[in-house]
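generate a structure from the sequence data that follows.
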Amino acid sequence: MKSTHRYAAAAASILALSLMGAPAFAQGRSVGQEPPQRGGAPKQDTPYIIIATFRSDNRQLGVEAADEVRKRVADEHSAQELFVVTKHNINTTLEASGYRADSALNSSDLMELSKQLHGEYVLDAKVSKNGNAVVVEPRLMMKTGPNTFVQPLPNVNGKDPGDAAKTVERELSDALKAMKPYKDCVNDLRAQKWDQAVKDAQLAITAYPNTSLARGCMLQALVSQKASPDSIISVSNATLAIDPSSVVALGYLADAYRAKGDTSKAIETNLRIYRADPSNTSIAQGIVNELAQSGAPDRALPIIDSLLVQNPGDPQMLRTKWLLQLRAKQYKQAIATGAEIVKLDTSFATSDYFDRMIGAAQSDSNAAAVQQLAAQAGQKFPKELRYPMLQAQSAFKAGQLQQAIQAAQRASQIDPKAPGPWQFILAAESQMNMPDSMLATAQKAIAAGVPKDSIGGSLLAVVGPALKKAQESHSREDWESALKAAKTVDAITSTAQSSFYVGFSAFNVGQDAVNNIQKLYKGTKDDKAKACSEAKVAEDAFADVAISMPKGGSVNKDAAGQMMGALPQFGAFLTQVKTALKCK
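Purely as a prediction, here's the structure:
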């Protein structure tokens, strides 16, 4: 409801009644009104108290309990000491505002009603039945400036509303004993008399030990004095023992724990603040930020969800939720939240957004999401190399080699000189057993300006399978295939490893030729001709060994030493054979 507008109408109604000769707070008795309060008219400084219909699941019980308490308070107090606003004036104001006379108002509307009826205090209560007993949960409320302060009163059990009213009135009267020193404390705060404020608060506590209001005033004085965190914690806890929902006391308590460096208790207190007033968006946002910074994002997420109930589709709150989910390592949820944000606000899809989302998908081992997000990012940022590279990497890990090659080729078009895309293409072609394609790819990469040494390692994959096959078969043909592959790779990009492979393959080809010569040496004329041919093969092979092993020897010094050590013996043998056979 729009309290201000409706109660403005009520004020106009009261003014109209006054102009007609019916004072708003008439003491004379008229038909349907309660008898006048004893003591005559209230004085100028007499406090007024509003006791409207109490809250209850049983509307009639709420009306009866309020009527009994109002009557009891009026009977026990002089109108010059505490004026009880009549039921007639309360009902008139409510009806002028469009309410039923027996309406039970919420806190803010009660305080607005009190303002219209010049009330300083409001006695509010919740009433229920427990078997045959009537249970009243009363509280005294008053407003200072924009703030409403609440003094909880003890719960009361009675056999009926009238019986319960007696105890409620006694508890109210006890609480009112602390009001004079409490008001003095408030005035001291305004005058910045911090020491005197503490003293007046102590007087109020002496007058009414259960006063939460005076303790709240003392807290403000202590904070203004910059008192020790321990003293603030002590008074805050004493206040909360009486009024567990005091947001003021909880706020000071959280600040004191924070000043002591007790982050855990500060966070727990902030959560109590949120539970006490979950509708306060600014408080909730502050708690979320503190929880996130303190390393407890999982505890902040339920608060964000409650804020989103009040503000569904709020992009900023969704962004906060997304970041918290990432910090809490809730990757699946973060991916879903991120997608929701982009639907609401496409400008949110920045490179940072995609990087975080792809990281979440990778952490969640969701290859499909990685590829999808990388593809979306690549479309939005076509000059960014990393997105097609991520697609290539994800496809390669998933065994989708052709897709990996296509993605890497797109990356190579963005930056032809970048080694990474070419290395992915070579790796995929190697997995697909495409040595000829690998050699062609390497030549294209070098022509594009890629440093030779950056793809040399990838090209060695061309030689590896051929070497393995030759070592298993020991056939001359396979050793010659391995030598050819090694020489091709070494010609494109020579490394110590490729040179070693050339020398190793050539040595085995030459050794095989020497073995054949030994079989053919004393044979027929044709055999001797073949021996001369084999001698030429061996000489050429050992020449390759002599050229390659000085560079490749660092790969395996022992093997290289044995091969180089054998060359002179093989050379002498071949010279002897060629002389004896008169080889041309």
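
just the helices in the stretch 51-200 of the chain please.
Ranges of helices in the stretch 51-200 of the chain, per DSSP state H, counting those that start in this stretch, are 59-76, 87-96, 107-116, 161-176, 179-190, 194-207.

could you give the mean pLDDT of the fifth one?
This points to helix 179-190. Mean pLDDT, computed over helix 179-190, is 95.

got the buried residues for it?
179, 181, 182, 183, 184, 185, 186, 188, 189 (16 or more other Cβ atoms under 10 Å). C-beta coordinates here come from the backbone N, C-alpha and C atoms, glycine included.

low-confidence stretches in the protein?
By pLDDT under 70, the low-scoring segments of the chain are 1-33, 294.

so where's the longest strand in the chain?
strand 133-144 (DSSP state E).

so it versus helix 161-176, what angle?
30 degrees (axes from the mean of the first three to the mean of the last three Cα atoms, to 10 degrees).

returning to that earlier point: for residue 540, state which of the buried residues of helix 179-190 is nearest.
Among the buried residues of helix 179-190, residue 189 lies closest to residue 540 (Cβ to Cβ), at 104.0 Å.

how far away is residue 362 from residue 328?
For residue 362, the distance to residue 328 equals 17 Å [Cβ to Cβ, to the nearest Å].

count the neighbours of residue 100 for me.
11 (other Cβ atoms under 10 Å).

follow-up on the earlier one: and the buried residues of helix 179-190, which is closest to residue 384?
Residue 384 lies nearest to residue 189 out of these, by Cβ to Cβ, at 59.3 Å.

grab the nearest non-local neighbour of the closest one.
Spatial nearest neighbour of residue 189, chain neighbours left out: residue 197 (5.2 Å); criterion: Cβ to Cβ, 6 or more residues apart in numbering.

ok, now residue 173?
Residue 173 sits nearest to residue 76 (Cβ to Cβ, 6+ apart), 6.8 Å away.

packing partners of the longest strand of the chain?
Counting contacts by 3 or more Cβ pairs under 8 Å, 6 or more residues apart in numbering; DSSP states H and E, strand 133-144 packs against helix 59-76, helix 107-116, strand 121-130, strand 147-152, strand 156-158, helix 161-176.

so which of those is nearest residue 268?
Using Cβ to Cβ, the helices and strands packed on strand 133-144 put strand 147-152 closest to residue 268, at 22.0 Å.

what's the closest one packed up against?
helix 107-116, strand 133-144, helix 212-224.

how about those in CSV, adding distance to residue 65?
Putting the helices and strands packed on strand 147-152 into CSV (distance: least, Cβ to Cβ, whole Å) gives the following:
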stretch, distance to residue 65
helix 107-116, 15
strand 133-144, 6
helix 212-224, 23
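
the most centrally placed residue in the chain sits in which helix or strand?
Nearest to the mean C-alpha position of the chain, counting by Cα atoms, centre = their mean, stands residue 324 at 0.4 Å. Following DSSP states H and E, the helix or strand that holds residue 324 is helix 315-327.

before we move on, the earlier item: the residue nearest to residue 173 contacts residue 169, doesn't it?
Yes - under the criterion of Cβ atoms under 8 Å, residue 76 makes contact with residue 169 at 5.5 Å.

neighbour-wise, which of these two wins?
residue 169 (23 against 16).

nearest residue to the more buried one other than its sequence neighbours?
Residue 169's closest residue in space is residue 72 (Cβ to Cβ, 6+ apart), at 4.4 Å.

does residue 435 touch residue 464 like I think?
No - if you go by Cβ under 8 Å, residue 435 and residue 464 don't touch, sitting 10.0 Å apart.

roughly how far apart are the nearest residue to residue 258 once chain neighbours are set aside and residue 288?
Setting aside the residues directly before and after it, residue 258 is nearest to residue 266 in space (Cβ to Cβ, 6+ apart), at 4.4 Å. Residue 266 sits 14 Å away from residue 288, going by Cβ to Cβ.
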